[in-house]
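1. below is the sequence, then the predicted model.
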Amino acid sequence: MKSRELSPTPQRALGETVKGHAYRWIVLGLGIVAISTGSILIRLAQAPSLVVGVWRLLLAALLLTPWALPSSRREWRRLERGDVGWLVLAGVALALHFITWISSLSYTTVASSVILVSTNPIFVGLASHFLLGEHLSRRSVLAVAMAMLGTVIVSYGDWAFTGQALWGDFLALMGAVAASAYILFGRAVRRKVSTLAYIWPCYALAGAILLFLCIFRGLPLLSYDLRTLLCFLLLAVVPQIMGHSSFNWALAHFSPLFITVALLGEPVGATILAFFILGEIPPLSTLGGGVLVLLGIYLASYEERRH
């Protein structure tokens, strides 16, 4: 008796599609939780900010090497010269994001820095509309505005506006521009290669640039206690590999604008973790702003599902 292949029924195909969509949302949600641990680990690490960035990026690249390097070589050969250029630009943009944003914390308050570096949905939205020709619906614009307002309210009590803070605010704003460029450059390449083939050279290149700056400035790289070294390792594994990599993976499945709006969940997650780990009690303004951020993310996710 001959065996026959059974073609999937419409109900089965629909079920597999629903499972696939659910998997994407779960990965994105776990990415938000993972990336929210970054500020907590940076607070616990007793090291200059640029040194923290070096260890975070280079350790992540090193840990991914056994899996990324063997399989990625075949994918890199298929890339055209223009794609390689986008990949390099994405790595440079990631380095610039860390350089400008981390440096801004030395001149302005954490709140001012967080508010301005979180404006990347605005830059990604403008670039998507005017440069990529993508239509932005009213719901998308409303979601961005709602999430941005929530971010401002979360950090309102720590806002600073002094002469020195202006330079820090400018650096944080440049950090947002660099993060937006990183996301947009990555979208062009991410849909042609796997996640590992994209993130490994980006992390390695960005980490090498930060390493050069640390050596140029004479910052120590090794003379730290065991707790700080453990924080370096956790930063590489949790917020970088698990967090940033989840968002890079999501670039193949979601729009860049939605990714940047989802990233605004990081301050909310960090506030919750700070309460349980550091014992920091958030003010009512933080709770109210957090609700607006979550509503903005929900509205953006609803619009993403519609399209």
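-> In hand now; what should we look at?
2. rest of the way, CA atoms for contacts and neighbours
-> Fine.
3. quick one, helices of the stretch 101-250 of the chain?
-> When assigned using DSSP state H, counting those that start in this stretch, the helices of the stretch 101-250 of the chain occupy the ranges 110-117, 120-130, 138-154, 163-190, 195-217, 226-235, 245-250.
4. what's the neighbour count on Gly85?
-> With neighbours defined by other Cα atoms under 10 Å, the count for Gly85 comes to 13.
5. now do it against Ala60, distance only.
-> 22 Å (Cα to Cα, to the nearest Å).
6. Thr271: which of the helices of the stretch 101-250 of the chain is closest?
-> Between Thr271 and the helices of the stretch 101-250 of the chain, the tightest spacing by Cα to Cα is seen for helix 138-154, at 9.4 Å.
7. what angle do helix 120-130 and that closest one make with each other?
-> Put simply, helix 138-154 runs at 160 degrees to helix 120-130, going by axes from the mean of the first three to the mean of the last three Cα atoms, to 10 degrees.
8. okay, angle between the helix ranked longest in the chain and helix 226-235 too, please.
-> The residue-count maximum for a helix in the chain (DSSP state H) belongs to helix 49-78. Here helix 49-78 runs at an angle of 30 degrees relative to helix 226-235 (the same axes, to 10 degrees).
9. can we start the residue count at 728 from this point?
-> That works, and once the first residue is 728, the last one we named lands at helix 776-805.
10. quick one: mean pLDDT for stretch 854-862?
-> Taken as a whole, stretch 854-862 has an average pLDDT of 68.
11. whoops, I mixed them up, stretch 814-826
-> For stretch 814-826, mean pLDDT rounds to 92.
12. got a list of what the residue minimising distance to the centre of the chain touches?
-> Nearest to the geometric centre of the chain sits His971, at 4.8 Å (Cα atoms, centre = their mean). For His971, the contact set (Cα atoms under 8 Å, 6 or more residues apart in numbering) comprises Gly758, Ile762.
13. and the gap between it and Leu784?
-> Using Cα to Cα, one obtains 11 Å as the distance from His971 to Leu784.
14. and for Leu768?
-> Counting by Cα to Cα, the gap between Leu768 and Leu784 amounts to 14 Å.
15. hang on, the earlier thing: how about the helices of the stretch 828-977 of the chain in TSV, adding mean neighbour count?
-> Converted to TSV, these look like this (neighbours: other Cα atoms under 10 Å):
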stretch	mean neighbour count
helix 837-844	24
helix 847-857	20
helix 865-881	22
helix 890-917	23
helix 922-944	20
helix 953-962	19
helix 972-977	23
